[in-house]
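*Asks:* 3D, please:
(2 chains)
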Amino acid sequence: MMTVIPEPAPGEQAFLGRQVAREAETILDIENISVAFGGVRALTDVSFDIRRGEIRAIIGPNGAGKTTMLNCVNGFYHPAKGSITFKGRKRAQMRPHEAARDGIARTFQNVALFRGMTTLENIMTGRALKMRANFWQQLVRAGKAEREEIENRYLVEEIIDFLQIEHIRKTQVGVLPYGLQKRVELGRALAMEPDLLLLDEPMAGMNLEEKGDMCRFILEANRHFRTTVALIEHDIGVVMDLSDRIVVLESGRKIADGTPDAIKSDDRVIAAYLGSH
Amino acid sequence: MGFFIEVLIGGLLSGVLYSLVALGFVVIFKASGVLNFAQGSMVLLAGLAFVRAQAFLGETFPFWISVAGGLAFAVAIMVIVAWLVEKFVLTRLINQSSLSLFMATIGLAFVIDELSQIAFGSEVYAVKIGIPREPIIVLTGLFDGGVLLNSVDLWAAIIAACLVLILVVFFQKTGTGLALRAVADDHAAAQSVGIPIPWTWLIIWSVAGLIALAAAVLWGTKVGIQYSIVFLAMKALPVLILGGFTSIPGAIVGGLLIGAGEKLAEVFIGSMIGGGIEYWFAYVVALIFLMIWPQGLFGERLIERI
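*Replies:* Numbering: from 1, shown residues only, chains lettered A, B, ... in the order given. Here you go, the predicted model:
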């Protein structure tokens, strides 16, 4: 098991504990969701919730339905059964751009960046929704458009600083190494100032050092920007260190839900991971 | 020398018309990753709509009103077509492969060809928009007899230059432009940052429709609006291969090179082998380019990691 996060001092732990307790409001509530593709049941009656301010991990073996779950949350899939309540409003069928408008940002398992654009432009697209000036103002850079552009650029530069990617600001992302691409993708999601950030395997394919960095960015985003995070990750060590609570899926069903300590000692989780019964 | 310059300039100016059609391809490719096979048909439709509306209005109103009314009518038609295409064809193909989308545009090309001829007629219609037709003679001091220019071509060049300027600023400097480029790159990612894909497609097909209208009016002034304009529009393909499918400046430079190249080849090489090479010269150039410079002069060079 890797240890990338410094052990919190006792006082800090207590502070975090209080914070989670205070912000225990539920931001996302998933009830009895089922999704099927033809005969394959990707998700069956899965329910769980995400509280504002926490880091919630979704783990499980390959094909457990983790990505399908995220796809439901941000509107790529529409569950055949069940309901999704986000920020207190039960959602009807929602399209991805509407979910984004509602405050849900995400990254993808296979990096989905705009390859022909630079790092800066990619992160700017995260601000697309916040642009209020009309098209003609933008075209001539007048009044509101100019102010907006400056504000947005300021925030984007802040994110670039935060993720330590100043040196690749003007580089086309297609040529960047994988680890950096993942970082740019996180930056684009953060630029949306989301209420809920979905991360699909943010550390897949990274080396130890890159994983450490990514962990730090996720924690910082969570603590300093108060971003609620839901993440899928295969590295159990990372998951145990990062998350406040973990939900475990296997073959489309939820088999466990709780704090890292509870999950670690759960018999069904151990069986699912070791394949013994 | 004067003759060479005259052929060169004539070629460059007629290349502008290729550029205009190529521009229509580029904006749609840039913003949706789709090679729109129907661009030529959109030129035909825009031209027919304009010519017929202008003729109808010309019976009762003064000339300039008929021109303005014809343009307004054609613009409306192109926006409606963009909306229909978005609503009934493209939206159903979000997140599908670009080959599916390409096939859809082939089907669309035939539908637009036939419907526009059913609606507006299938004869040859002359376009009169008040551009003087007399040739202009310049550089008389420099060469014996000067250099003869076609004034329609000059107008085309001016209009094309304005269009390019607006489009470049639009794509590079506005939020909408950025959103369009995002959609071209990756549908899922664009949706995830909150860009509504149907809306961007409506915009971009409307823009392509307007470019088609500009091309149709200028081209129509030279050769009239008729069905064969669809095939002339296919000349845009070698232009795109030269200039790169995603580059607006590339479409212009490619058009100029093809235009000048085929005229010069016809006059100076064609005379040696009996002529007639103007019609296929562009394709040969495109083929050579594909072999040595596949992404075109200005195309985005994507490096794939394997």
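
*Asks:* these two touch, right, residue A:68 and residue A:43?
*Replies:* Yes: at 5.6 Å, residue A:68 and residue A:43 qualify as touching, with contact defined as CB atoms under 8 Å. In short, each C-beta sits where N, CA and C put it, glycine included.

*Asks:* can you name the residue of chain B nearest to chain A?
*Replies:* residue B:194 (3.1 Å; CB to the nearest CB).

*Asks:* is the biggest helix by length in chain B anywhere near chain A?
*Replies:* Ranked by residue count under DSSP state H, the longest helix found in chain B is helix B:2-32. No: contact of helix B:2-32 with chain A (CB under 8 Å from any CB of the partner chain) is absent, the minimum separation being 9.1 Å.

*Asks:* picking that back up, can you classify the residue of chain B closest to chain A by secondary structure?
*Replies:* Using DSSP: H, G, I helix; E, B strand; the rest coil, the three-state assignment for residue B:194 comes out as coil.

*Asks:* what's the nearest residue to it if we skip its chain neighbours?
*Replies:* Spatially, and ignoring its direct neighbours in sequence, residue B:194 is nearest to residue A:100 (3.1 Å; CB to CB, 6 or more residues apart in numbering or on different chains).

*Asks:* likewise for residue B:71?
*Replies:* In this structure, residue B:71 finds its nearest non-sequential neighbour in residue B:50, 6.4 Å apart by CB to CB, 6+ apart.

*Asks:* so how far is residue A:163 from that neighbour?
*Replies:* Distance of residue B:50 to residue A:163, computed by CB to CB, to the nearest Å: 52 Å.

*Asks:* looking at the two, which is more packed in?
*Replies:* Here residue B:50 and residue A:163 are set side by side on neighbour count (other CB atoms under 10 Å in any protein chain shown), and the busier one is residue B:50, at 29 against 21.

*Asks:* what does the stretch 151-277 of chain A put close to chain B?
*Replies:* Within the stretch 151-277 of chain A, the positions near chain B by CB under 8 Å from any CB are A:174, A:175, A:178, A:188, A:189, A:192.

*Asks:* residue A:222 and residue A:52 touch, don't they?
*Replies:* No: with contact defined as CB under 8 Å, residue A:222 does not reach residue A:52; the gap is 11.2 Å.

*Asks:* just the strands in the stretch 151-277 of chain A please.
*Replies:* For the stretch 151-277 of chain A, applying DSSP state E, counting those that start in this stretch gives strands covering A:196-200, A:228-232, A:245-250, A:253-258.

*Asks:* tell me the angle of the second one relative to strand A:196-200?
*Replies:* When axes from the mean of the first three to the mean of the last three CA atoms, to 10 degrees is applied, the directions of strand A:228-232 and strand A:196-200 differ by 20 degrees.

*Asks:* now do the contacts for the residue of the stretch 51-200 of chain A found nearest chain B.
*Replies:* Going by CB to the nearest CB, chain B is nearest to residue A:100 of the stretch 51-200 of chain A, at 3.1 Å. Remark: with contacts taken as CB atoms under 8 Å, 6 or more residues apart in numbering or on different chains, residue A:100 is in contact with A:74, A:129, A:192, B:191, B:192, B:193, B:194.

*Asks:* mind running it again at 10 Å?
*Replies:* With contacts defined as CB atoms under 10 Å, 6 or more residues apart in numbering or on different chains, the neighbours of residue A:100 are A:74-75, A:94, A:106, A:126, A:128-129, A:189, A:192, A:194, B:190-196.

*Asks:* pLDDT averaged over stretch B:119-127 - what is it?
*Replies:* Regarding stretch B:119-127, the rounded mean pLDDT is 85.

*Asks:* contacts for it next, please.
*Replies:* Contacts of stretch B:119-127 from elsewhere in the structure, counted by CB under 10 Å, 6+ apart, are B:44-45, B:47-55, B:67, B:70, B:77, B:113-114, B:116-117, B:152, B:216-229.

*Asks:* I believe residue A:29 is in a helix; please confirm or correct that.
*Replies:* No: the assignment for residue A:29 is strand, going by three-state DSSP, so no helix is present there.

*Asks:* hmm, back to that, can you report how many residues lie near the residue of chain B closest to chain A?
*Replies:* Here the number of neighbours of residue B:194 (other CB under 10 Å) works out to 25.

*Asks:* gap between it and residue B:183?
*Replies:* Relative to residue B:183, residue B:194 is positioned 12 Å away (criterion: CB to CB).

*Asks:* overlap in contacts, those two.
*Replies:* Listed contacts common to residue B:194 and residue B:183 are residue A:125; contacts here mean CB under 10 Å, 6+ apart.

*Asks:* which parts of the stretch 51-200 of chain B sit against chain A?
*Replies:* Remark: the part of the stretch 51-200 of chain B in contact with chain A comprises B:94-95, B:166, B:169-170, B:172-179, B:181-200, using CB under 10 Å from any CB of the partner chain.

*Asks:* narrow these to those that are buried.
*Replies:* Among these, those that count as buried by neighbour count (16 or more other CB atoms under 10 Å in any protein chain shown) are B:94, B:170, B:173-179, B:181-197, B:200.

*Asks:* among the residues you listed, which are located in helices?
*Replies:* If you go by DSSP H, these have B:170, B:173, B:175-179, B:181-185, B:187-192, B:197, B:200 in helices.

*Asks:* got any ranges where the stretch 101-250 of chain A has weak pLDDT?
*Replies:* For the stretch 101-250 of chain A, the stretches with pLDDT under 70 are A:129-143.

*Asks:* which residues are in contact with the closest residue to residue A:85 other than its chain neighbours?
*Replies:* Taking CB to CB, 6+ apart, and ignoring the residues beside it in sequence, residue A:85 has residue A:29 as its nearest neighbour in space, at 4.1 Å. Taking CB under 10 Å, 6+ apart as the contact definition, residue A:29 lies against A:47, A:48, A:49, A:50, A:51, A:83, A:84, A:85, A:86, A:87, A:88, A:90.

*Asks:* which residues does residue A:29 bridge with?
*Replies:* Per DSSP bridges, the residues bridged to residue A:29 are residue A:49, residue A:85.

*Asks:* so what's it scoring on pLDDT?
*Replies:* Residue A:29 is assigned 91 on the pLDDT scale.

*Asks:* any idea how far chain B is from it?
*Replies:* Spatial separation of residue A:29 from chain B under the definition CB to the nearest CB, to the nearest Å is 21 Å.

*Asks:* kindly report the same for residue A:42.
*Replies:* As for residue A:42, its distance to chain B is 17 Å (criterion: CB to the nearest CB).

*Asks:* can you confirm that residue is in a strand?
*Replies:* Yes: read with three-state DSSP, residue A:42 is one of the residues of a strand.

*Asks:* quick one: it and residue A:60 touch, right?
*Replies:* No: taking contact to mean CB atoms under 10 Å, the distance of 11.9 Å between residue A:42 and residue A:60 leaves them out of contact.

*Asks:* what sits in contact with each of the two?
*Replies:* Going by CB under 10 Å, 6+ apart, residues that sit against residue A:42 and also against residue A:60 are A:69, A:251, A:252.

*Asks:* hang on, the earlier thing: helix or strand next in line after the stretch of helix or strand the residue of the stretch 51-200 of chain A closest to chain B belongs to, which one?
*Replies:* With elements delineated by DSSP states H and E, residue A:100 resides in helix A:96-101, which encompasses its position. Going down the chain from helix A:96-101, the next helix or strand is strand A:104-106, by DSSP H and E.

*Asks:* sheet partners, orientation included, of that next one?
*Replies:* Sheet partners by DSSP bridges: for strand A:104-106, these are strand A:196-200 (parallel).

*Asks:* next one: the strand it pairs with to chain centre, how far?
*Replies:* On the basis of CA atoms, centre = their mean, to the nearest Å, strand A:196-200 sits 1 Å off its chain's mean C-alpha point.

*Asks:* and for stretch A:61-71?
*Replies:* Remark: stretch A:61-71 is offset 14 Å from the chain centroid, using CA atoms, centre = their mean.

*Asks:* please, which helix or strand holds the closest residue to residue B:233 other than its chain neighbours?
*Replies:* Computed as CB to CB, 6+ apart, the closest residue to residue B:233 that is not its neighbour in sequence is residue B:40, at 3.0 Å. Of the helices and strands defined by DSSP H and E, residue B:40 is found in helix B:39-58.
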